[in-house]
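Participant: Predicted model, plus sequence, below.
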Amino acid sequence: MIIKGEKLNLKATYCRDCPRGIHTLMNTLDAGVCEANIGKEASTSESKKEVSMAQRFFFMTAVFFVGLVAILSGQTLAADNFPNRPITLVYGYPAGGVAGNTARAVATGAEKALGQPLVLLCKPGAAGTIAVDFVVDSKPDGYTLLSAHTGTLVYAMYNEGVKFRPKDFTPILGYTIANFAYVCPVNAPWKNYDEWVAYVRSHPGFKYGTYGALGALHVLMEWIAKKENIKLTPVHFKGDAPGITALLGGHVMMHGAAGSHGPQIKAGKLRTLLQVTGIPSDPDPKSVPLLADKYPDCPREFYYLPFGVYGPKGIPEDIYRKLIAAFRAGAQDPSCQQALSTMNMSVELFEPEKLKKEMEKGYVEYGKLIKGLGLER
């Protein structure tokens, strides 16, 4: 501190801060600040800034770690309490068909293991894509899941405007293989598959039904048409059940069925023309030709993709493990096998890693197939 002079004269003044002790007050000192004190004040100011910055740093660090602990604690609590409300299991084809029936089959036992209801939600349309989009865009908390044929995911990725890819899913469990077959009315004008090929050659533009564009049985029939040099016209329905109804009504003369045909065959209304996967539902299964026998060079691995349960990517690990265990228990529950048997299907487990590989491989190889057939969209 300085003892300030009142006049600008050469007057010796005592300064307690100046090392010289006594000096002559000049104009600069009339401002009341000693040169020695300027350095001290600057030093004190810088020290205060450093302390303030340090305090701010430690405060922000403490807030960050408190927040992190709260988040992790919340996640742990959520996983410990999971599930504490019903889980939605979405499927993408009309009710009454194989998509809904397989979802219900595995859900019955799974909800016993989870201790909460599994609510089935039907979101049909765009060959199953609407349901897939809905689940991919949902919160990855384990409360919104998808039951679908893995092929539905793979085929849908090649539809125009579809943005999801294998990386956008959390594979939980595969639980059965589809019963794919081409079926026709019992009174169709051909007696067997070879006669059907001859009939189509003389009737170019023959109409057949599919459960959706770019679905397995649409693409396979286009491959057969190219192989046999025949001309076909696909009629795409919003699912298997509507296609079977159209077949029974005479709107198409053949349908690529995914499992809904079994009861109609047992009722004597339909018969199998060509069995793609699974066991024929006909009274004499051995009389039904198999795809593998008719076309050994057919890329039939695409049709052995399983039905599975999927979630959006990012499901917390603890919740993910609970879901795997629950759906495994659901698939192994006697009620699941009983329900699948009505569609001439059986339980076949695909653990998450295997299910993931099947989907990734199917996506790559199926892309090659549809490009070769000129079916890209």
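Facilitator: Arrived safely, thanks for sending.
Participant: per-domain residue ranges of this protein.
Facilitator: 1-81, 87-176+307-372, 181-302 (automatic domain parsing).
Participant: which of those has the lowest average pLDDT?
Facilitator: Ranked by mean pLDDT, the domains of the chain bottom out at domain 1-81, with a mean of 50.
Participant: list the contacts for the residue nearest to residue 135 when sequence neighbours are not counted?
Facilitator: With sequence-adjacent residues excluded and distances taken as C-beta to C-beta, 6 or more residues apart in numbering, residue 135 is closest to residue 146, at 4.1 Å. Every C-beta, even on glycine, is put in place using the N, C-alpha and C of the backbone. Counting by C-beta atoms under 8 Å, 6 or more residues apart in numbering, residue 146 makes contact with 89, 90, 91, 92, 131, 132, 135, 309, 310, 311.
Participant: Select, from those residues, the two members most distant in space.
Facilitator: Farthest-apart pair in the contacts of residue 146 is 92 and 311; separation 14.9 Å (C-beta to C-beta).
Participant: Of the two, give the one with the bigger neighbour count.
Facilitator: Legend: neighbour count by other C-beta atoms under 10 Å for residue 92 and residue 311, higher for residue 92 (32 against 23).
Participant: before we move on, back to that, neighbour-wise, which one of the contacts of residue 146 leads?
Facilitator: The most crowded member of those, judged by other C-beta under 10 Å, is residue 92 (32 neighbours).
Participant: can you tell me which residues contact that residue?
Facilitator: By C-beta under 8 Å, 6+ apart, the residues touching residue 92 are 99, 123-125, 127-132, 146, 148, 152.
Participant: May I see those arranged in TSV, with distance to residue 240 and secondary structure as well?
Facilitator: Converted to TSV, those look like this (distance: C-beta to C-beta, whole Å; DSSP: H, G, I helix; E, B strand; the rest coil):
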residue	distance to residue 240	secondary structure
99	7	helix
123	16	coil
124	11	coil
125	14	coil
127	11	helix
128	11	helix
129	16	helix
130	16	helix
131	14	helix
132	17	helix
146	17	strand
148	13	strand
152	11	helix
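Participant: Closest one to residue 227 out of those, please.
Facilitator: Using C-beta to C-beta, residue 127 comes nearest to residue 227 of the contacts of residue 92, at 23.5 Å.
Participant: hang on, that closest one packs against residue 217?
Facilitator: No - between residue 127 and residue 217 there is no contact under C-beta atoms under 8 Å: 11.4 Å.
Participant: Give the residues shared as contacts by those two.
Facilitator: Contacts common to residue 127 and residue 217, judged by C-beta under 8 Å, 6+ apart, are residue 211.
Participant: Show the contacting residues for residue 116.
Facilitator: Residue 116 neighbours (C-beta under 8 Å, 6+ apart): 83, 84, 85, 86, 87.
Participant: now residue 298
Facilitator: 220, 223, 224, 291, 292.
Participant: Just put the residues you listed in TSV and tack on secondary structure, distance to residue 300 and neighbour count.
Facilitator: Output for the contacts of residue 298, formatted as TSV (DSSP: H, G, I helix; E, B strand; the rest coil; distance: C-beta to C-beta, whole Å; neighbours: other C-beta atoms under 10 Å):
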residue	secondary structure	distance to residue 300	neighbour count
220	helix	8	25
223	helix	10	21
224	helix	12	19
291	helix	6	19
292	helix	6	13
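Participant: Looking at these, which is nearest residue 372?
Facilitator: Using C-beta to C-beta, residue 223 comes nearest to residue 372 of the contacts of residue 298, at 8.7 Å.
Participant: hang on, isn't the closest one packed against residue 366?
Facilitator: No - using C-beta under 8 Å, residue 223 is not in contact with residue 366, being 11.5 Å away.
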